[in-house]
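K.L.:
3D model of this:
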Amino acid sequence: MAAAAVTDLAVEIAPGVHWVGALDPHLRSFDIILKTANGTSYNSYVVRGDNGVAIIDTVKENFADDFFRRLESVARYDEITTIVLNHLEPDHSGALPELLKRAPQAKVYLSSRAQMMLKALLKPTGEKPPEYIPVTTDDEVDLGGRTLRFLHTPYLHWPDTQCTYLVEDGLLFTGDIFGCHFCDARLFNDTVGDFRFSFEYYYAHIMRPFREYVLDAIALIEPLEINLIAPAHGPILRHAPRDYVHRYRELATPRLFNEARSEKTLVVFYISAYGNTRRMAESLAAGAEAIGGVRVSLYDLEGGESGIFTDLIEEADGLAFGSPTINADAVKPIWDVLSSLTTVNVKGKLGAAFGSYGWSGEAVRLIEDRLRGLKMRVPVEGLRIKLVPDASELEACRDLGEQLARHLTGRVEHREVDLATLA
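P.N.:
Modelled structure (predicted):
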C-alpha cells in the first residue's frame, strides 16, 4: 500500500482521529543508552467527539512547533476538553505547559502515580494550575459519541504509565508499549520500512526488566477488540495489530525451563588470569551441588560475550561472580555482565562474589556493592584468596557454595546466640 510522506498537516489514522506528532529522523542516541539508527517519532493524537476534543500525549519540547501546527490543522484550542497523559517522560510531555496555556479549560487525565510527576513538570508560575483527574482501569471519559477508557499499566516503563482505549473504534493508545525508535514519514506499519529489529531492540532495553508488568498489561489488553494500536514512538500498527500483542506475550514469557521445576538454579560466572579464580569457581560449584536441590551452571567469561547470557541470568535464582583483582578492580568481562543486568529484573535474586588476588583484592567488594545496588540479596560474605588457593582455601570455597545453596533452598542453618556473650 502506498503512502505519502508526512506534511505539516495532521494525518488521519481513523475517522475523527489524527496523528499530530513530530518526526526526529536524525536522532542517533536516545536517553544516552539506546541507539537509534533510524531516529524516532514523538506520537501525539487528537480524538474528536460530539462534545469536545481530546489530546492524547504531546511531544518533546524541541518539536512543539510541529505539534501545534498539526494540531491547529484539525482542531481549535477552545474545543479541547480533555488532555490524556499516558506517560509523563519529557519526550511525551514537553509541549504540555504551552498546550495548557492555549487550552486552559481542558481537564488533564493521568494515572494516580503521575500526580507528583505532573506537579514537578509544571513548576509554580503564579497561574491557576490545571484541573487534573487521576484515573485507573475502567475509568472513562465521554467525548460525546466516543468513549475513552483507561487501563492501568504501571512500570511500562515508568510507574506512571497507562493505556487509553477508544471504545467505539477499537483504537488503543499505548504510550511506550508496542513502540520503538524508528522514524519513517510513511507512519503506518504496513507502509514503512522493516522495523522488526527496532521493535525487538526497544522491548529488550525498555520493557524486558518489567516483564511481570508486561504480562499484567497483556492480560488487560488481550480481551479488547483491537483495530489499531497507536504507540508513542514508532510506526502506528494498523495492519494485524494483535500480532504485536502476541509478540509481547512471547517476549515476556520465560523461554528457559528446568527439566525438574523443583530445582533452584545457581549460575557461576568467572574469569581467571592464572587459573586460581577458576579453581575457586569449581570448588564453589561442587559445594553447591553437594547440598541437593540446586542445579549449578559454570561459565568462563573468557569464552563468551556478555549479551548471550541474558536469558540465562533472567531465569536463574542465584548468581555468583568470580574475578581476579587487576589494577585494583574487577576485570572488564565481569563488569560487562554486571552492566547487562540493567536489562533484566534481578531484584531479590541471590548474589555472591569471590576471586583470587595478588596485592589488594578490591574486586570482590566492588562486585558485592554492585549486586546490592541492583537490589540483589548478598547474604554470604564474599571470599578473597591470595594467589594460589591451597587445600584449606578450596574447602572454604566449597563451604561458600554450600552456604549459597542452603540460602537458595531455604535450608540455612540458624545459629544459637548466647545473649550473655553480647553484653
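
K.L.:
going by C-alpha atoms from here, please, whenever you check contacts or count neighbours.
P.N.:
Will do.

K.L.:
counting neighbours, what do you get for Tyr299?
P.N.:
Applying other C-alpha atoms under 10 Å, we find 16 other residues in the vicinity of Tyr299.

K.L.:
could you point out which element follows the helix or strand where it lies?
P.N.:
Using DSSP states H and E, the element containing Tyr299 is strand 294-300. Toward the C-terminus, strand 294-300 is succeeded by helix 310-315 as the next helix or strand (DSSP H and E).

K.L.:
quick one: residues in contact with that following helix.
P.N.:
Pro254, Arg255, Leu256, Val267, Leu319, Ser340, Leu341, Val344, Asn345, Val346 (C-alpha atoms under 8 Å, 6 or more residues apart in numbering).

K.L.:
looking at the protein, which helix is longest?
P.N.:
helix 391-409 (DSSP state H).

K.L.:
and that helix with strand 294-300, angle?
P.N.:
Counting by axes from the mean of the first three to the mean of the last three C-alpha atoms, to 10 degrees, helix 391-409 lies at 130 degrees to strand 294-300.

K.L.:
contact partners of the strand holding Tyr299?
P.N.:
263-271, 281-282, 285, 288-289, 405, 408-409.

K.L.:
of the residues you listed, which belong to helices?
P.N.:
Those of these lying in helices (DSSP H): Ala281, Glu282, Ala285, Ala288, Glu289, Ala405, Leu408, Thr409.

K.L.:
quick check, the third one in contact with Leu400.
P.N.:
When you say that, I think you mean Ala285. No. Look at Ala285 against Leu400 with C-alpha atoms under 8 Å: they stay out of range, at 9.1 Å.

K.L.:
more crowded one of these two?
P.N.:
For Ala285 versus Leu400, the count of surrounding residues by other C-alpha under 10 Å is larger for Ala285: 28 against 25.

K.L.:
show me what contacts the more buried one?
P.N.:
Ala285 touches Val268, Val296, Ser297, Leu298, Arg398, Gly401, counting by C-alpha under 8 Å, 6+ apart.

K.L.:
neighbours of Leu371, just the number please.
P.N.:
25.

K.L.:
re the thing from before, which of the contacts of Ala285 are buried, as a ChimeraX select command?
P.N.:
In ChimeraX, this line selects whichever of these come out buried by 16 or more other C-alpha atoms under 10 Å:
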select :268,296,298,398,401
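
K.L.:
next, give me the two most distant ones among the contacts of Ala285.
P.N.:
Largest separation among these by C-alpha to C-alpha: Ser297 and Arg398, giving 15.0 Å.

K.L.:
all strands of the stretch 101-250 of the chain, in order?
P.N.:
Using DSSP state E, counting those that start in this stretch, the strands of the stretch 101-250 of the chain run over 107-111, 131-135, 140-142, 147-152, 162-166, 171-175, 228-231.

K.L.:
and the longest one, what does it pack onto?
P.N.:
For strand 147-152, the contact count by 3 or more C-alpha pairs under 8 Å, 6 or more residues apart in numbering; DSSP states H and E identifies strand 140-142, strand 162-166 as packing neighbours.

K.L.:
so what are the sheet partners of the first one and their directions?
P.N.:
In its sheet, strand 140-142 lies beside strand 147-152 (antiparallel), with partners assigned from DSSP bridges.

K.L.:
now swap in the longest one and tell me
P.N.:
Strand 162-166 sits in its sheet next to strand 147-152 (antiparallel), strand 171-175 (antiparallel), going by DSSP bridges.

K.L.:
deepest-packed of these, please.
P.N.:
Of these, the one with the most neighbours on average (mean count of other C-alpha atoms under 10 Å) is strand 171-175, at a mean of 26.

K.L.:
what's the average pLDDT for it?
P.N.:
For strand 171-175, mean pLDDT rounds to 98.

K.L.:
just the CA coordinates for it, please, in CSV.
P.N.:
Listed next in CSV are the C-alpha coordinates belonging to strand 171-175 (Å, rounded to 0.1, in the frame of the first residue of the first chain):
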residue,chain,number,x,y,z
LEU,A,171,-8.2,2.0,19.0
LEU,A,172,-5.6,1.5,21.7
PHE,A,173,-3.2,4.4,22.6
THR,A,174,-0.4,2.7,24.4
GLY,A,175,2.3,5.1,25.4
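
K.L.:
contact partners of it?
P.N.:
Contacts to strand 171-175, defined as C-alpha under 8 Å, 6+ apart, come from residues 56-57, 86-87, 161-166, 226-233.

K.L.:
likewise stretch 347-358?
P.N.:
The contact list for stretch 347-358, computed with C-alpha under 8 Å, 6+ apart, reads 276-277, 280, 316-326, 361, 363-365, 367-368, 371, 374-389, 404, 408.

K.L.:
buried only: go through those for me.
P.N.:
276-277, 280, 316-326, 361, 363-365, 367-368, 371, 374-378, 382-389, 404, 408.

K.L.:
which members of these occur in helices, if any?
P.N.:
Asn276, Thr277, Met280, Ala363, Val364, Arg365, Ile367, Glu368, Leu371, Leu404, Leu408.

K.L.:
of the strands of the stretch 101-250 of the chain, which shows the lowest average pLDDT?
P.N.:
When I compare these, strand 131-135 is least confident, with a mean of 93.

K.L.:
sheet-wise, list the partners of that one with their directions.
P.N.:
strand 107-111 (parallel).

K.L.:
so how far is the strand it pairs with from its chain's centroid?
P.N.:
Chain-centre distance of strand 107-111: 23 Å, with C-alpha atoms, centre = their mean, to the nearest Å.

K.L.:
with stretch 200-218 instead?
P.N.:
6 Å.

K.L.:
and that stretch, what's buried?
P.N.:
Within stretch 200-218, the residues that count as buried by 16+ other C-alpha under 10 Å are 200-204, 206-211, 213-215, 217-218.

K.L.:
what about the stretch 301-423 of the chain, any weak spots by pLDDT?
P.N.:
Within the stretch 301-423 of the chain, the stretches with pLDDT under 70 are 304, 306, 413-423.

K.L.:
wait, I meant the stretch 151-300 of the chain
P.N.:
255-261.
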